[in-house]
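**Student:** What follows is a predicted structure for the sequence shown.
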Amino acid sequence: MLPLGFVIFPYLIKLLLKIPANKNFLNYFNVGFFYGLGFLLIMLSWIKNPFYANEQTKNFAFLAISLPIFLSIFFGLGFSIFKHIKKFYYIIVFTPFILLFIEFIISNILYGFPWLTYSLVLSNNFLGFYFLKFFGTYVSSYLTLLIFIMPFIFIYMRKLEYSKTLIFIIHAPFLIVFVLLYIFNQDNKNITKEISIEVFQIFSPINNINKEIIEKDIINKIVNSESEYLLFAENNYPYLISDINSISIKNYIKDNQKVIIGSTTFNNNKFYNSFLFLEKNNIQIFDKKILVPFGEFLPFRKYLKFMEIITGDEDFTKGKKTRLINSYNINILPIVCYEIIFNKILNNINELKIDILVNITNDSWFGDQIGPYQHFYHSRMRALISNKYLIRVSNNGISAIIDNNGKIIESTDLNKKTSFKKLLQIKNSTYFGFVHKLFQFYLVFIILIYFILTKYRFKNDR
């Protein structure tokens with residue numbers, strides 16, 4: 001998708017420039033709404049797939065379009081800001097900021113949906129890796145948009161006054177700090193810990209599960225593995241767990257083994273989507289904290305009872321435990337499914353002395369087109385942003401080991417039953433979260449300067 005950005009965003013600015021200054025709010029809203037709708041219908045085309053997982057919900061697949069329509073409203077409202085920006089130069093300058101503002105709102109409004117970040121385009125780009133690591137998602141999104149509109153700036157350079165090249169000067173500190181951080185990072189490669197792992201992609205079906213066969217398969221894999229850490233995916237344990245001591249596979253774990261597996265647990269009349277860390281004589285549990293609206297719970301259930309035919313009549317409950325699994329000298333950050341798209345899961349990883357991220361998921365719900373791949377690249381972004389190794393285990397793929405520089409050390413194909421072993425050397429690395437926040441404040445500072453300059457120019461023009 002990368003080359004399309006150099007066409008789409010300059011063309012978008014050209015459309016905005018064609019709108020006469022005396023046009024009303026609705027003209028700008030329409031441009032934003034239909035840009036957003038086209039963008040979202042492509043990027044979220046996989047949203048309909050979960051409806052086809054069950055016979056009783058497939059007739060409601062048309063409701064999948066409601067999410068793109070709802071989110072497109074925010075694009076329309078965001079673009080209405082352009083009504084107050086009259087000058088050619090400032091439309092160019094403010095476009096990346098307005099698009100980033102819309103991304104921020106969608107990522108944080110209500111339950112938050114940070115799936116639609118422009119920085120995702122950098123997740124398979126070598127230079128983009130360092131943007132993500134040192135700048136974080138928001139600043140990387142801004143820089144991505146700024147790069148995309150460069151062709152437009154060069155084409156219309158004659159219309160820009162020399163003084164207005166301030167836009168390039170004011171962004172120079174980005175490049176300076178980027179180089180310094182890169183140099184600093186080169187000395188931060190000490191290997192501190194080494195573990196042997198085995199990842200199992202068992203590809204169990206969503207429905208019509210033969211629980212006994214799956215359980216025997218898991219036990220067989222535990223018995224035959226000599227690795228220290230054995231990793232399975234989200235909800236791979238086929239039984240509902242109401243008594244933690246009743247987990248049958250625990251009896252087959254060797255003295256030196258640790259098994260990570262996902263399961264649904266039931267405690268105090270509440271259901272949880274749980275990350276289990278099993279040892280022969282010890283069990284640690286992390287319950288998923290960021291639940292999927294309309295998937296794991298029905299928002300405003302009292303008023304939306306009619307949707308229970310789609311969502312079911314029971315909600316999962318949000319976990320409250322600290323996001324930490326401690327394994328001797330290894331501290332693991334447990335991440336369940338789509339929690340991986342949220343930066344807030346990384347907030348305390350330096351304080352918790354996290355060594356490695358482990359994401360268990362089941363992407364069978366996403367179908368076999370772009371959904372699972374987008375989810376995978378979000379995971380890759382989180383490895384980069386956290387500056388930590390990530391082990392990703394998906395029921396149907398893509399499972400992978402990704403290092404702190406975004407390199408895919410090992411990976412599997414989608415929709416394939418497979419496994420792989422690896423001796424993993426974990427490096428001592430620091431999360432640059434504080435630096436990311438500094439750059440975000442820097443962006444706010446820049447937009448304030450532009451706003452002041454805009455107001456000043458308007459007054460002078462009068």
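**Tutor:** Received it, and whenever you're ready, just let me know what you need.
**Student:** Which parts of the protein are strands?
**Tutor:** Read by DSSP state E, the chain holds these strands, from start to end of the chain: 191-201, 229-231, 258-267, 270-279, 282-287, 325-327, 330-336, 356-361, 389-394, 400-402, 408-411, 418-427.
**Student:** Of all the ones you listed, which one is nearest Pro114?
**Tutor:** Proximity of these to Pro114 was assessed by Cβ to Cβ; the nearest stretch is strand 330-336, lying at 14.0 Å. C-betas here are computed from N, CA, C, even on glycine.
**Student:** Indicate each strand paired with the closest one and its parallel or antiparallel sense.
**Tutor:** Based on DSSP bridges, the pairing partners of strand 330-336 within the sheet are strand 325-327 (antiparallel), strand 356-361 (parallel).
**Student:** how about those strands in CSV, adding distance to Gln257 and mean neighbour count?
**Tutor:** Supplementary listing: the strands paired with strand 330-336 in CSV, determined by distance: least, Cβ to Cβ, whole Å; neighbours: other Cβ atoms under 10 Å:
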stretch, distance to Gln257, mean neighbour count
strand 325-327, 11, 17
strand 356-361, 16, 26
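**Student:** Turn these into TSV, including mean pLDDT and distance to Ile65.
**Tutor:** Rendered in TSV, the data for these read as follows (pLDDT from 0 to 100; distance: least, Cβ to Cβ, whole Å):
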stretch	mean pLDDT	distance to Ile65
strand 325-327	92	39
strand 356-361	96	25
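**Student:** Same list as before, these that is, but in a markdown table and with distance to Leu230 included.
**Tutor:** As requested, the strands paired with strand 330-336 are arranged in a markdown table below (distance: least, Cβ to Cβ, whole Å):
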| stretch | distance to Leu230 |
| --- | --- |
| strand 325-327 | 12 |
| strand 356-361 | 12 |
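**Student:** Which of these sits closest to Val444?
**Tutor:** Distances from Val444 to each of these were compared using Cβ to Cβ; the shortest belongs to strand 356-361, at 28.6 Å.
**Student:** thinking again about what came up before, nearest to Ser242 among the strands of the chain would be which one?
**Tutor:** Taking Cβ to Cβ as the measure, the strands of the chain were each checked against Ser242, and strand 258-267 came out nearest at 4.5 Å.
**Student:** Off-centre distance for that closest one?
**Tutor:** Using Cα atoms, centre = their mean, to the nearest Å, the distance from the centre of strand 258-267 to the centre of the chain it belongs to is 23 Å.
**Student:** cool, stretch 28-40 as well?
**Tutor:** So, by Cα atoms, centre = their mean, the centroid of stretch 28-40 is 23 Å from its chain's centroid.
**Student:** Identify each buried residue in that stretch, please.
**Tutor:** 28-29, 31-33, 35-37, 39-40 (16 or more other Cβ atoms under 10 Å).
**Student:** What of stretch 221-239?
**Tutor:** Using 16+ other Cβ under 10 Å as the burial criterion, the residues of stretch 221-239 that qualify are 221-222, 225, 227-238.
**Student:** does Ile354 really touch Leu333, like I thought?
**Tutor:** Yes: here Ile354 lies in contact with Leu333, judged by Cβ atoms under 8 Å, at a distance of 4.6 Å.
**Student:** quick one: common contacting residues for the two?
**Tutor:** Between them, Ile354 and Leu333 have 324, 386, 388 as joint contacts when contacts are counted by Cβ atoms under 8 Å, 6 or more residues apart in numbering.
**Student:** Distance to Ile285 and pLDDT added to those, as a markdown table?
**Tutor:** Formatted as a markdown table, the entries for the shared contacts of Ile354 and Leu333 read as follows, by distance: Cβ to Cβ, whole Å; pLDDT from 0 to 100:
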| residue | distance to Ile285 | pLDDT |
| --- | --- | --- |
| Leu324 | 12 | 95 |
| Ser386 | 22 | 93 |
| Lys388 | 22 | 93 |
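**Student:** related to what we said a few turns ago, now the strands of the chain as a markdown table including distance to Leu120?
**Tutor:** Supplementary listing: these in a markdown table, determined by distance: least, Cβ to Cβ, whole Å:
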| stretch | distance to Leu120 |
| --- | --- |
| strand 191-201 | 23 |
| strand 229-231 | 25 |
| strand 258-267 | 25 |
| strand 270-279 | 25 |
| strand 282-287 | 26 |
| strand 325-327 | 28 |
| strand 330-336 | 17 |
| strand 356-361 | 16 |
| strand 389-394 | 16 |
| strand 400-402 | 15 |
| strand 408-411 | 16 |
| strand 418-427 | 25 |
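**Student:** And the pLDDT for the closest residue to Tyr52 other than its chain neighbours?
**Tutor:** Residue nearest to Tyr52 in three dimensions, not counting chain neighbours: Lys58, with 4.9 Å by Cβ to Cβ, 6 or more residues apart in numbering. The model reports Lys58 with a pLDDT of 80.
**Student:** ok, Lys58 to Leu41 distance?
**Tutor:** Separation of Lys58 from Leu41 (Cβ to Cβ, to the nearest Å) stands at 20 Å.
**Student:** picking up where we left off before, what is the nearest of the shared contacts of Ile354 and Leu333 to Ile345?
**Tutor:** Ranked by distance to Ile345 (Cβ to Cβ), the shared contacts of Ile354 and Leu333 are led by Ser386 at 8.8 Å.
**Student:** what about the protein, any weak spots by pLDDT?
**Tutor:** Across the chain, the stretches falling below the confidence threshold (pLDDT under 70) are 1-2, 21, 156-176, 178-191, 208, 453-462.
**Student:** and it, what are its domains?
**Tutor:** Described in terms of automatic domain parsing, the domain architecture of the chain consists of the residue ranges 2-186+435-461, 191-429.
**Student:** rewinding a little: mind checking how far the residue nearest to Tyr52 is from Phe51?
**Tutor:** Lys58 sits 6 Å away from Phe51, taking Cβ to Cβ as the criterion.
**Student:** quick check, nearest of the buried residues of stretch 221-239 to Ser119?
**Tutor:** Distances from Ser119 to the buried residues of stretch 221-239, taken by Cβ to Cβ, are shortest for Glu234, at 25.1 Å.
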